[in-house]
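**Q** below: sequence and its predicted model.
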Amino acid sequence: MTTRIERILSGLLTFAALVIALVVVRREFFAARPPVSRATLQLEYDSQWQGMLEQGIRMGAASAPLQLIEFVDFECPVCRGFHRNTWPAIQKKFRDQLALTVIHSPLSIHRFARIAARAIECATSVGQGSQMMEVVFTKQDSLGLKSWPGYAAEAGVSDTVQFTRCVTASNRLARIDSGLALFQRKGIRGTPTFFLNGWRFSIPPSDVEFARVADALLAGRKPAL
């Protein structure tokens with residue numbers, strides 16, 4: 001009888017653990033931005049968009065005719081999806097015509113988002129920011145498990161001791177704070193949120209949708225979807 005009861009209790013505990021895991025996965029994938037229909041994709045112009053460029057980390061030339069701004073959370077699964085799939089496709093198509101500026105927007109629902117933003121800043125200070133972003137998104141599932149010196153080593157940061165001092169320091173970093181403040185002022189509700197030459201996408205665009213807007217801007221036309 002005791003053995004049977006133990007098996008029943010073990011089964012109940014296993015079931016409870018599975019339920020908790022499913023709740024956590026659902027929260028991680030849908031909390032940052034709720035699922036939406038592609039039919040809701042719209043464009044809205046922000047005439048003050050160029051001032052946003054000063055608040056982030058730019059990858060690409062300031063003279064590029066296409067300036068993409070992304071409000072990003074490095075623990076956000078949708079952000080990872082963009083950087084692992086959409087970004088390589090549009091970067092390949094537009095090459096030197098396109099620059100990306102990422103603005104820190106670590107969401108409070110993500111435990112490691114702010115420290116990840118700090119790690120990106122520390123890597124950027126030694127010229128390895130874009131490499132660190134790629135490693136963090138590639139190994140996003142290891143946040144909280146993999147050490148930051150380990151991330152830095154994979155990103156090619158040579159002085160991991162100095163990097164570790166930077167990551168573990170208690171001072172606040174201005175670019176993270178200013179990014180969050182801008183996120184709030186703009187009334188942005190989730191990550192990632194994109195602006196292309198001032199045109200704000202209501203939801204993250206696919207590579208085809210992005211190319212349609214970018215081609216119109218390069219041709220001097222008002223973009224339409």
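**A** Yep, that arrived. Numbers count the residues shown, from 1 in each chain.

**Q** what's near enough to touch the nearest residue to D73 once chain neighbours are set aside?
**A** Nearest residue to D73, sequence neighbours excluded (Cβ to Cβ, 6 or more residues apart in numbering): T191, at 4.2 Å. All C-beta spots, glycine's among them, are computed from the backbone N, C-alpha and C. T191 makes contact with A32, R33, F71, V72, D73, C76, V78, C79, S105, L107 under the criterion Cβ atoms under 8 Å, 6 or more residues apart in numbering.

**Q** show me how this protein divides into domains.
**A** 1-30, 40-218 (automatic domain parsing).

**Q** about what we covered before: I'd assumed the residue nearest to D73 was in a strand, is it?
**A** No. Checked against DSSP: H, G, I helix; E, B strand; the rest coil, T191 lies outside a strand; its state is coil.

**Q** look up phi and psi at it.
**A** T191 adopts backbone torsions of phi -120, psi 150, taken as degrees, to the nearest 10.

**Q** so how far is A117 from it?
**A** When Cβ to Cβ, to the nearest Å is the yardstick, T191 and A117 sit 11 Å from each other.

**Q** same question for S202.
**A** Look at S202 and A117: by Cβ to Cβ, they are 24 Å apart.

**Q** tell me which of those two has more neighbours.
**A** Neighbour count, other Cβ atoms under 10 Å: between S202 and A117, A117 has more, with 24 against 14.

**Q** F82 contacts P192, doesn't it?
**A** Yes. F82 lies in contact with P192 (Cβ atoms under 8 Å); the separation is 5.6 Å.

**Q** hey, what's in contact with both of those two?
**A** E70, P204.

**Q** among the contacts of T191, which one lies nearest to G179?
**A** Proximity of the contacts of T191 to G179 (Cβ to Cβ) peaks at S105, which lies at 5.8 Å.
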